[in-house]
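1. this one's structure only:
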């Protein structure tokens, strides 16, 4: 087993414990937001790259529901190169970065503060630049990972983001204390399923790894917030397995991307209870086109990876991240992947100097 995959396996096995630790600190996290008001004119900006951007976009669904605000989810480069001009003093800018050293993320916080906006940062590293620059820095050491392919931090900082949104909603009288508690306990209950879901995915891959291995390209589909877990699958299969992969919303796939050559392409469908009926219509049509199709989730046919997904209005992705990461890790372990992507990634970052110390 390659060293990076060995490390990923360790982080996968410890993630549930670390997620529970974050949830156990929710009172402390929420209390720090008491002096952060949301006015009628307040706009939210959620900023992140890569898996941090995935978390920001997933968190936007909860923001709409409990705050009544649709945040603008943007990459840090887009924010620093134009969109910052729209920021006003009542606005709240939330930046998420696992290392806390991404230059454009840090610069986003600096520019937002120069516009007198309120700034929040989420990171795993206490002495990082993004933690030093934000008005409200939140540090989650549970998300520290010494590996190129992140596991715990991807979902851990998402949990942190959810708690912060719930805290803002509570202090601004958008939800009650009981509703805050109920949301935290719902996330906790889903977290207790983490290891079982990861184990089930691992067992399936060990028996069916050739479904992944024979594919030269991969298209991962999901609906609503599952698009972002589809993105995580696609990114990890590029980094770890070197496959050309893309992620797209399931319906968007039907508006052009479905015309891709089915030869050697695997279509993966991530399915929860809300999307199951729609996917039951889509699945046979994709098969008729000659694509190999893998259904992962609720109601999967016999050849798929069937999972018992608990219905959740906001937190379904908590049940899919362990599955996605377990699939990637098991595939890499069985076929010897994992030593190239992290080297390429580090080389790009070093040459382009994208990190601040």
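-> The structure has been received and is ready for your questions. No experiment lies behind these values; they were computed from the predicted model shown.
2. Go ahead and name everything in contact with the one helix or strand residue 22 maps to.
-> Applying DSSP states H and E as the criterion places residue 22 in helix 3-24. Helix 3-24 is touched from outside by 1, 140, 142-143, 145-149, 151-152, 155-156, 159-160, 163, 184, 187-188, 191-192, 194-195, 198, 240, 322, 325-326, 328-329, 332-333, 337-339, 342, with contacts defined as CB atoms under 8 Å, 6 or more residues apart in numbering. Where you see a C-beta, it was placed from the backbone N, CA and C, and this is true even at glycine.
3. which residue ranges form the helices in the protein?
-> 3-24, 26-31, 50-67, 76-80, 103-114, 129-133, 152-171, 177-191, 194-213, 226-239, 250-253, 276-288, 317-335, 341-352 (DSSP state H).
4. Which one of those lies nearest to residue 40?
-> When the helices of the chain are ranked by proximity to residue 40, the top entry is helix 50-67, at 12.0 Å, counting by CB to CB.
5. In that closest one, which residues are buried?
-> Within helix 50-67, the residues scored as buried using 16 or more other CB atoms under 10 Å are 50-63, 66-67.
6. so it versus helix 341-352, what angle?
-> 90 degrees (axes from the mean of the first three to the mean of the last three CA atoms, to 10 degrees).
7. Report all helices and strands that helix 50-67 contacts.
-> Judged by 3 or more CB pairs under 8 Å, 6 or more residues apart in numbering; DSSP states H and E, the packing partners of helix 50-67 are strand 44-47, strand 72-74, strand 92-96, helix 152-171, helix 226-239.
8. Give me whichever of these is most buried.
-> strand 92-96 (a mean of 28; mean count of other CB atoms under 10 Å).
9. tell me the mean pLDDT for that one?
-> Strand 92-96 carries an average pLDDT of 98.
10. Give the other helices and strands that it contacts.
-> strand 44-47, helix 50-67, helix 103-114, strand 118-123, helix 152-171.
11. nearest to residue 251, of the ones you listed?
-> helix 50-67 (16.6 Å).
12. Turn the helices of the chain into a markdown table, including distance to residue 88.
-> Formatted as a markdown table, those follow (distance: least, CB to CB, whole Å):
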| stretch | distance to residue 88 |
| --- | --- |
| helix 3-24 | 31 |
| helix 26-31 | 25 |
| helix 50-67 | 17 |
| helix 76-80 | 14 |
| helix 103-114 | 10 |
| helix 129-133 | 19 |
| helix 152-171 | 17 |
| helix 177-191 | 28 |
| helix 194-213 | 40 |
| helix 226-239 | 28 |
| helix 250-253 | 32 |
| helix 276-288 | 39 |
| helix 317-335 | 31 |
| helix 341-352 | 32 |
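13. PyMOL command for the buried members of the contacts of helix 3-24?
-> Those of these that count as buried under 16+ other CB under 10 Å are selected in PyMOL with:
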select buried, resi 140+142+143+145+147+148+149+151+152+155+156+159+160+163+184+187+188+191+194+195+198+240+322+325+326+328+329+332+333+337+338+342
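14. if we can go back for a sec, who wins for proximity to residue 37 among the helices and strands packed on strand 92-96?
-> The closest of those to residue 37 is helix 152-171. By CB to CB, the value is 7.9 Å.
15. circling back to that earlier point, dump the helices and strands packed on helix 50-67 to CSV, plus distance to residue 247.
-> Output for those, formatted as CSV (distance: least, CB to CB, whole Å):
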stretch, distance to residue 247
strand 44-47, 18
strand 72-74, 15
strand 92-96, 19
helix 152-171, 14
helix 226-239, 4
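16. Of all these, which one is nearest residue 300?
-> Of those, nearest to residue 300 by CB to CB is helix 226-239, at 14.1 Å.
17. tell me which strands and helices that closest one is in contact with?
-> Counting by 3+ CB pairs under 8 Å, 6+ apart, helix 226-239 packs on helix 50-67, strand 217-222, strand 244-249, strand 265-271, helix 317-335, helix 341-352.
18. Direction included, what does the third one pair up with?
-> Translated: strand 244-249. Looking at strand 244-249 with DSSP bridges, its partner strands are strand 217-222 (parallel).
19. The partner strand to helix 226-239, inter-axis angle?
-> Using the same axes, to 10 degrees: strand 217-222 against helix 226-239 is 160 degrees.
20. okay, the angle between strand 217-222 and helix 317-335?
-> 160 degrees.
21. pLDDT below threshold where in the protein?
-> Scanning the chain for pLDDT under 70 picks out 345, 357.
22. can I get the helices and strands packed on strand 92-96 in CSV with distance to residue 301?
-> Listed next are the helices and strands packed on strand 92-96 as CSV, based on distance: least, CB to CB, whole Å:
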stretch, distance to residue 301
strand 44-47, 36
helix 50-67, 27
helix 103-114, 42
strand 118-123, 39
helix 152-171, 27
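23. Counting neighbours, what do you get for the nearest residue to residue 53 once chain neighbours are set aside?
-> In space, and not counting its chain neighbours, residue 53 is closest to residue 75: 6.4 Å by CB to CB, 6 or more residues apart in numbering. By other CB atoms under 10 Å, the residues close to residue 75 number 19.
24. for residue 75, what are its contacts?
-> When contacts are counted by CB under 8 Å, 6+ apart, residue 75 touches 47-49, 53, 104.
25. So which of the helices and strands packed on helix 226-239 is nearest residue 175?
-> helix 50-67 (5.5 Å).
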